[in-house]
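K.L.:
Would you be able to build a 3D model of this:
(one chain, ligands or ions: 1)
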Amino acid sequence: MRLHWRGYTEHLESVYGKRVYRIGLDAGFSCPNRDENRQGGCVFCDGTGASAMYQRKKESVYTHSGPFDEKISSAPPPATLTIEQRCSSIQTQIAHGRAFLKRRYKTELFSVYFQAWTNTYAEIQTLRALYDAALEEGPFVELIISTRPDCITDEVLDLLESYKSRVSKVWVELGLQSANEDTLERIGRGHDAICYIRSANALHSRGIGVCTHVVVGLPSETSHDFEHTCSLINKANSEAVKIHNLHVCGGTRLQDWYAQGEVSVASLRRHVENTIFLLRHLEKDIVVERLLCETPNHRLVAPRTFLDKSAFLSLLEKTMEERDVWQGDLT
Ligand code: SF4
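P.N.:
Residues are numbered from 1 along each chain as shown. Down below sits the predicted model:
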């Protein structure tokens with residue numbers, strides 16, 4: 001069945017002939033936006049670094065739909081490890097992730113994904129050692145690095161470009177979240193929209209793919225803001241997007257705002273409408289890598305009653321089919 005948006009799995013199958021799965025890593029980075037004098041990070045950041053659940057041993061006792069647990073949501077900052085310990089941890093995580101994904105999906109093709117925290121926020125020799133340690137555990141189809149728009153330097157570009165001969169594609173995931181400057185200020189992102197455009201252009205000039213993260217439903221945002229964000233992503237020629245519904249994690253400033261009634265989170269119906277609106281305003285060639293946050297329930301304050309991912313995707317597809325609307329039909 002043809003989806004009404006450009007799905008990630010379908011895209012990978014069309015490029016590589018088979019399904020490809022990412023092995024998500026936590027390489028022990030930090031984030032400049034959580035360092036001192038930077039107001040404690042983004043309002044929605046719970047300081048757990050957003051790594052894959054199969055890599056989070058401490059949380060393996062939790063089920064995806066379990067109750068909220070305040071303890072796990074006030075995570076301490078990442079421990080300071082030596083570079084040798086970090087490289088060794090990466091190799092352990094790759095072995096663990098590969099075994100898990102093979103068992104679950106019977107797959108043979110993997111990409112390596114530096115997922116947690118800001119993965120270009122370190123001295124260049126540290127970055128090189130960590131990326132090399134991962135690639136030595138290959139072969140990998142793609143190298144994917146998640147970071148912030150204000151952490152792309154010329155040295156980082158040189159280094160990332162040098163890996164193009166070792167994998168089929170190098171990607172950088174840039175957190176934009178919104179193109180609205182007032183919103184970026186309000187949610188404490190610590191960068192502006194111009195910074196995103198500058199980094200996306202610089203990455204493209206080196207032949208590196210860009211995937212842009214956005215959040216729908218940020219405080220005070222309207223459909224006009226969503227449209228503006230889509231238009232910036234289109235203008236930046238981002239090849240892919242990850243769409244997140246605004247959700248409230250424990251231990252965040254957003255949790256305080258939510259408790260005081262200053263923000264609300266979208267109902268399932270509203271998130272379906274917001275997602276359709278976004279998809280229709282994004283260029284049809286942009287690959288949609290994610291449409292829903294999958295934060296496990298023990299870290300989640302709200303929303304508490306949402307469909308799981310596959311049920312959400314079915315509802316989205318059914319609604320778009322009934323209305324005969326498609327990704328990109330309003331660009
Ligand atoms: S950029 Fe990411 S890791 Fe840094 S404060 Fe924001 S959400 Fe947290």
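K.L.:
Gly175: what secondary structure?
P.N.:
Three-state assignment for Gly175 (DSSP: H, G, I helix; E, B strand; the rest coil): strand.
K.L.:
Just want the phi and psi numbers for the nearest residue to it once chain neighbours are set aside.
P.N.:
Nearest non-adjacent residue to Gly175, counting by Cβ to Cβ, 6 or more residues apart in numbering: His213, 4.6 Å away. Every residue, glycine included, has its C-beta placed from N, CA and C. His213 adopts backbone torsions of phi -90, psi 130, taken as degrees, to the nearest 10.
K.L.:
hey, what's His213 bridged with?
P.N.:
Under the criterion DSSP bridges, His213 forms beta bridges with Gly175, Lys242.
K.L.:
what about it, neighbour count?
P.N.:
Residues lying near His213 (other Cβ atoms under 10 Å) number 19.
K.L.:
so what's it up against?
P.N.:
Going by Cβ atoms under 8 Å, 6 or more residues apart in numbering, His213 touches Glu173, Leu174, Gly175, Leu176, Gln177, Val241, Lys242, His244.
K.L.:
near the ligand too, which of those?
P.N.:
The subset of those lying close to the ligand, counting by Cβ under 6 Å from any ligand atom, consists of Gly175.
K.L.:
Just name the closest of the contacts of His213 to the ligand, please.
P.N.:
Here the nearest of the contacts of His213 to the ligand, counting by Cβ to the nearest ligand atom, is Gly175; it sits at 5.6 Å.
K.L.:
in the stretch 151-300 of the chain, which spans are strands?
P.N.:
169-177, 209-216, 240-245, 248-249, 287-290, 300-302 (DSSP state E, counting those that start in this stretch).
K.L.:
Could you do the stretch 1-150 of the chain as well?
P.N.:
20-25, 109-114, 142-147.
K.L.:
out of the ones you listed, which comes closest to the ligand?
P.N.:
Closest approach to the ligand among these (Cβ to the nearest ligand atom): strand 142-147, 8.6 Å.
K.L.:
Report whether the closest one contacts the ligand.
P.N.:
No: contact of strand 142-147 with the ligand (Cβ under 6 Å from any ligand atom) is absent, the minimum separation being 8.6 Å.
K.L.:
any chance of the strands of the stretch 1-150 of the chain in a markdown table, plus mean neighbour count and mean pLDDT?
P.N.:
Shown next, in a markdown table, are the strands of the stretch 1-150 of the chain (neighbours: other Cβ atoms under 10 Å; pLDDT from 0 to 100):
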| stretch | mean neighbour count | mean pLDDT |
| --- | --- | --- |
| strand 20-25 | 23 | 96 |
| strand 109-114 | 22 | 98 |
| strand 142-147 | 23 | 98 |
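K.L.:
any chance of those strands in JSON lines, plus distance to Thr229?
P.N.:
Conversion of the strands of the stretch 1-150 of the chain to JSON lines gives the following (distance: least, Cβ to Cβ, whole Å):
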{"stretch": "strand 20-25", "distance to Thr229": "25"}
{"stretch": "strand 109-114", "distance to Thr229": "24"}
{"stretch": "strand 142-147", "distance to Thr229": "19"}
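K.L.:
Ala99 is nearest to which of those?
P.N.:
Set against Ala99 and scored by Cβ to Cβ, the strands of the stretch 1-150 of the chain come closest in strand 20-25, at 10.0 Å.
K.L.:
circling back: now tabulate the strands of the stretch 151-300 of the chain in JSON lines and tack on mean pLDDT.
P.N.:
Below are those laid out as JSON lines (pLDDT from 0 to 100):
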{"stretch": "strand 169-177", "mean pLDDT": "98"}
{"stretch": "strand 209-216", "mean pLDDT": "98"}
{"stretch": "strand 240-245", "mean pLDDT": "97"}
{"stretch": "strand 248-249", "mean pLDDT": "94"}
{"stretch": "strand 287-290", "mean pLDDT": "98"}
{"stretch": "strand 300-302", "mean pLDDT": "91"}
